[in-house]
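Q: Pasting the sequence and the predicted model now:
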Amino acid sequence: MGKGGMSVDDDHGEEQNMAAWLVAINTLKIQPFNLPPLGPHDVRVRMKAVGICGSDVHYLKTLRCAHFVVEEPMVIGHECAGIIEEVGSEVKALVPGDRVAIEPGISCWRCDHCKQGRYNLCPDMKFFATPPVHGSLANQIVHPADLCFKLPDNVSLEEGAMCEPLSVGVHACRRAEIGPETKVLIMGAGPIGLVTMLAARAFGAPRIVIVDVDDHRLSVAKSLGADDIVKVSTNSQACIFDSLVLEFER
């Protein structure tokens, strides 16, 4: 959860807050999840949509993702949106009833990266569902108000939950300096590949080719606007890229 994932007793008399706890390999349990006190700059949010990320699956299957290891029960989930239920005494920009997308990373706000506006690189980041920080697959969470972003009326809560993975695609396009003269090749038509494709189109890319081993994923990519799709072989010895490169350079 927010606030660094410190669970404390919650006795304000409201309904018991429940969450999906990862307790062992391939084992989730719905158990009570106590919220921290609401600080003056915090909000309490009722979760309405939470995506399941590849990292959540890694934790579920192996109890680890890269060098992060689950050593004690942890609430999963970080792609999320919900409705504000309560605001702290100093919160001015949000009110109960607001629909918000949530930034799942709480940075220190003090290091050089944070001061330069690159808080995603903060070495002291506390990120939902990254051990030992709890995630957001819960009835409610408490989170800093300035990391909750009000959704326009034409954006659903499900779409709001996808803002976090969409930001990965936007960041990739910025790093690659995608523009109206940039042809784009995307390796993989999974969720991140697809949001990167959508972001690249929004950045003005005139031609986008997307590659995958799965027919269904490629059909989804085509339906979402890929100019060309290429199915590749899972045989590492197969020479599959010559024709792709020739086609892409056309």
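A: Yep, it's here. What you are looking at is a predicted structure, and each value in this text was computed from that prediction instead of being measured.

Q: okay, CA-based contacts and neighbour counts for the rest of this
A: Noted.

Q: May I have stretch 16-23 as CSV, with CA atoms only?
A: Taking Å, rounded to 0.1, in the frame of the first residue of the first chain, the C-alpha atoms of stretch 16-23 are listed here in CSV:
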residue,chain,number,x,y,z
GLN,A,16,-12.9,-4.4,7.6
ASN,A,17,-10.4,-3.7,4.8
MET,A,18,-9.5,-6.8,2.8
ALA,A,19,-6.7,-7.5,0.3
ALA,A,20,-5.1,-10.2,-1.8
TRP,A,21,-2.1,-11.4,0.0
LEU,A,22,0.6,-13.5,-1.6
VAL,A,23,1.5,-16.0,1.1
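
Q: and for it, what are the contacting residues?
A: For stretch 16-23, the external contacting residues (Cα atoms under 8 Å, 6 or more residues apart in numbering) are 28-35, 60, 72-76, 136-140.

Q: what domains does the record give for the protein?
A: Following the TED database, the chain resolves into domains at 18-163, 177-249.

Q: Now do the same for the last one: mean pLDDT, whole number.
A: It stands for domain 177-249. Across domain 177-249, pLDDT averages out at 87.

Q: Out of the contacts of stretch 16-23, name the ones that lie in strands.
A: 28, 29, 30, 31, 32, 74, 75, 140 (DSSP state E).

Q: Next one: the fourth one, what pLDDT does it get?
A: Predicted confidence (pLDDT) for residue 31: 97.

Q: give me the beta-bridge partners of it?
A: residue 19 (DSSP bridges).

Q: Number of residues surrounding it?
A: Residues lying near residue 31 (other Cα atoms under 10 Å) number 14.

Q: picking that back up, name the nearest of the ones in strands among the contacts of stretch 16-23 relative to residue 97.
A: residue 140 (13.7 Å; Cα to Cα).

Q: which among the contacts of stretch 16-23 end up buried?
A: Buried residues within the contacts of stretch 16-23, counting neighbours by 16 or more other Cα atoms under 10 Å: 28, 33-35, 60, 73-76, 136-140.

Q: can you list these in TSV and add distance to residue 204?
A: Below are the buried ones among the contacts of stretch 16-23 laid out as TSV (distance: Cα to Cα, whole Å):
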residue	distance to residue 204
28	42
33	44
34	46
35	44
60	38
73	44
74	41
75	39
76	35
136	34
137	35
138	38
139	39
140	38
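
Q: Show me how far stretch 197-209 is from its chain's centre.
A: The chain centroid and the centroid of stretch 197-209 are separated by 21 Å under Cα atoms, centre = their mean, to the nearest Å.

Q: Give me the buried positions along that stretch.
A: Going by 16+ other Cα under 10 Å, stretch 197-209 has these buried residues: 197, 198, 199, 200, 201, 203, 205, 206, 207, 208, 209.

Q: Dump it to PDB, keeping only the CA atoms.
A: Presented in PDB, the C-alpha positions along stretch 197-209 are these (Å, rounded to 0.1, in the frame of the first residue of the first chain):
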ATOM      1  CA  MET A 197       2.500   0.800 -30.200                       C
ATOM      2  CA  LEU A 198      -0.400   3.100 -29.300                       C
ATOM      3  CA  ALA A 199       2.000   5.600 -27.800                       C
ATOM      4  CA  ALA A 200       4.200   5.500 -30.900                       C
ATOM      5  CA  ARG A 201       1.200   6.200 -33.100                       C
ATOM      6  CA  ALA A 202       0.200   9.100 -30.800                       C
ATOM      7  CA  PHE A 203       3.800  10.400 -31.200                       C
ATOM      8  CA  GLY A 204       3.200  10.500 -34.900                       C
ATOM      9  CA  ALA A 205       5.100   7.300 -36.100                       C
ATOM     10  CA  PRO A 206       4.000   6.800 -39.700                       C
ATOM     11  CA  ARG A 207       4.700   3.000 -39.800                       C
ATOM     12  CA  ILE A 208       4.700   0.500 -37.000                       C
ATOM     13  CA  VAL A 209       5.700  -3.200 -37.400                       C
END
